[in-house]
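Peer 1: predicted structure and sequence below. I'll ask about it afterward.
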Amino acid sequence: MESLEEIKARIEAVSPGARIEIIPNPGPANQPSLLLPNDGAREIAIFLRDDPGLRFDFCSNVTGVDWLDRTMKSKVKVKKVVEGEEKEVEEMKEEFFPGYLEAVYHLYSMARRDGPLVVRLRTKDRAEGTRLPSLTPVWRSAEFQEREIYDLYGIHFDGHPDLRRILMWDEFTDFPMRKDYQEPDDYEYEPTPHDEVLAKAKQHYPQRPASDGAETITAQT
Amino acid sequence: MEREIDEGLRSELQKQGIWVTSMQELYNWGRKNSIWPLQFGLACCAIEMIATAASRYDIARFGGEVFRPSPRQADLMIVAGTVTKKMAPQIVRLYNQMPDPKYVIAMGACAISGGPFKQGYNVLKGIDRYIPVDVYIPGCPPRPEALLHAFMELQRKIDEQRLTGRQKAEFLKESTPSEFPVPAFGARDLEPPANPEVFRPPVIERA
């Protein structure tokens, strides 16, 4: 397959000014991806599908990713005037990265037997601007998977022909795959609770005012 | 079970070619040997249920081969598989549509407690939150032998049910409900999350 730089150059040749970013993946998988701009993503997608040199005619997988807000702490050397002298001082710098939601498309070319090309779309934030252009008009196979992302992550796909919940019921209001999802409090006794489940168990079954201090949970019928 | 007829007398009569029985025995004998299950499966346990019905394990040996596609004709509901919260109201509705006397086998870890999905957001933590269960089978999935065992346990339960007197079977009493409220889809969870009339978990305290 062509390198992502070459594909990026091809796209920029036909739609100049498109802000396309290559997202590196330094892990063992080493599968970098293309981040497409939200406005014009569909035109780029049609180009990826129809260009005789690319022909990515098959979208095999669409999935969502939730990125929370995060702050990165790093040491930065800053020039400062200390006691009349200019010195280089190390300072802790906190950088804030707002969270966002992502839709990731895995594209293959059946015609050229090539792939996968990983393409990402990113929302503005996690609260209000969770809108993305739908790529279902480009690849029909994305329809159910975009519905699933809408259901579980809450990304609204503009231009999707039938955007409804697909797994959860229509009256459901939460987005369970988001990292800050709070599940309903219907915890029930487990014989071997540990970690998070143990914490929940303690919350639900408060300590008996006995004095043995044991942290085990016993059933009492 | 306490029998109305003296066993010794019955045995002696049988040697003479006279077979003595009671209405209750005849009735329960008929019922327990023709349990018609409702034909539906929810997950991988259903595959084991199908295997149980097929020739190798052959549930027909116990009179349970007539899987009915309608709840109106079924005696037994085998909850075979994961009950998702989206599916739970339909299960309760099917149960309500079955005629009395009706029995429920909760088959597999998911049906009895939520199983491996218990800590998830979309799986009901046991069908006994909404309908009464007669036999629970653990396993993931239980083998066909386990389902047959549950079936035999149910047969024993049916055989022991009294038709008259103070100890008569629950389903014969006027006060026993035959239908249970169908849970509604709420904004975050099913409403109510469990039916307190049916679901009475043990009281637990941390020592």
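Peer 2: Nice, I can see it. Only a predicted model underlies this, so the values are computations on that prediction, with no experimental measurement involved.
Peer 1: burial count for the residue nearest to residue A:144 when sequence neighbours are not counted?
Peer 2: Spatial nearest neighbour of residue A:144, excluding adjacent residues (CB to CB, 6 or more residues apart in numbering or on different chains): residue A:166 at 6.3 Å. No exception for glycine: its C-beta is placed from N, CA and C like everyone else's. Other residues lying near residue A:166 total 16 when counted by other CB atoms under 10 Å in any protein chain shown.
Peer 1: does residue A:166 belong to a helix, a strand or coil?
Peer 2: Under DSSP: H, G, I helix; E, B strand; the rest coil, residue A:166 falls in the coil class.
Peer 1: so who does it touch?
Peer 2: Neighbouring residues of residue A:166 by CB atoms under 8 Å, 6 or more residues apart in numbering or on different chains: A:144, A:147-148, A:150-151.
Peer 1: let's see if you can find the most crowded of those.
Peer 2: Counting neighbours by other CB under 10 Å, the top entry in the contacts of residue A:166 is residue A:150, with 23 neighbours.
Peer 1: now that residue: how far from residue A:136?
Peer 2: 11 Å (CB to CB, to the nearest Å).
Peer 1: check residue A:23 too.
Peer 2: Taken as CB to CB, the span from residue A:23 to residue A:136 is 23 Å.
Peer 1: which one of the contacts of residue A:166 is nearest chain B?
Peer 2: residue A:151 (10.6 Å; CB to the nearest CB).
Peer 1: and for chain A, the residue most distant from the center?
Peer 2: residue A:84 (48.9 Å; CA atoms, centre = their mean).
Peer 1: can you check the pLDDT for the closest residue to residue B:110 other than its chain neighbours?
Peer 2: Excluding its sequence neighbours, the residue lying closest to residue B:110 (CB to CB, 6+ apart) is residue B:82, at 3.9 Å. With respect to pLDDT, residue B:82 scores 95.
Peer 1: residue A:23 and residue A:136: who's more crowded?
Peer 2: Ranked by neighbour count (other CB under 10 Å), residue A:23 and residue A:136 place residue A:136 first, with 23 against 15.
Peer 1: what about residue 200, how many neighbours?
Peer 2: All of this refers to chain A. Around residue A:200 there are 17 residues (other CB under 10 Å).
Peer 1: ah, no, chain B please
Peer 2: 10.
Peer 1: and chain B, which residues reach chain A?
Peer 2: Residues of chain B found near chain A (CB under 8 Å from any CB of the partner chain) are B:85-86, B:113-114, B:118-122, B:125-126, B:185-189, B:193-194, B:201-207.
Peer 1: swap in 7 Å and give it another go.
Peer 2: B:86, B:119, B:121-122, B:125, B:185-189, B:193, B:201-207 (CB under 7 Å from any CB of the partner chain).
Peer 1: quick one: buried ones out of those residues?
Peer 2: B:86, B:121-122, B:125, B:185-186, B:189, B:193, B:206 (16 or more other CB atoms under 10 Å in any protein chain shown).
Peer 1: okay if I get those residues as a markdown table plus pLDDT, secondary structure and distance to residue A:44?
Peer 2: Output for these, formatted as a markdown table (pLDDT from 0 to 100; DSSP: H, G, I helix; E, B strand; the rest coil; distance: CB to CB, whole Å):
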| residue | pLDDT | secondary structure | distance to residue A:44 |
| --- | --- | --- | --- |
| B:86 | 94 | coil | 36 |
| B:121 | 89 | coil | 35 |
| B:122 | 91 | coil | 35 |
| B:125 | 91 | coil | 46 |
| B:185 | 95 | strand | 39 |
| B:186 | 92 | coil | 41 |
| B:189 | 91 | coil | 41 |
| B:193 | 90 | coil | 46 |
| B:206 | 66 | strand | 58 |
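Peer 1: tell me which element residue A:45 falls in.
Peer 2: helix A:41-50 (DSSP states H and E).
Peer 1: thank you, goodbye.
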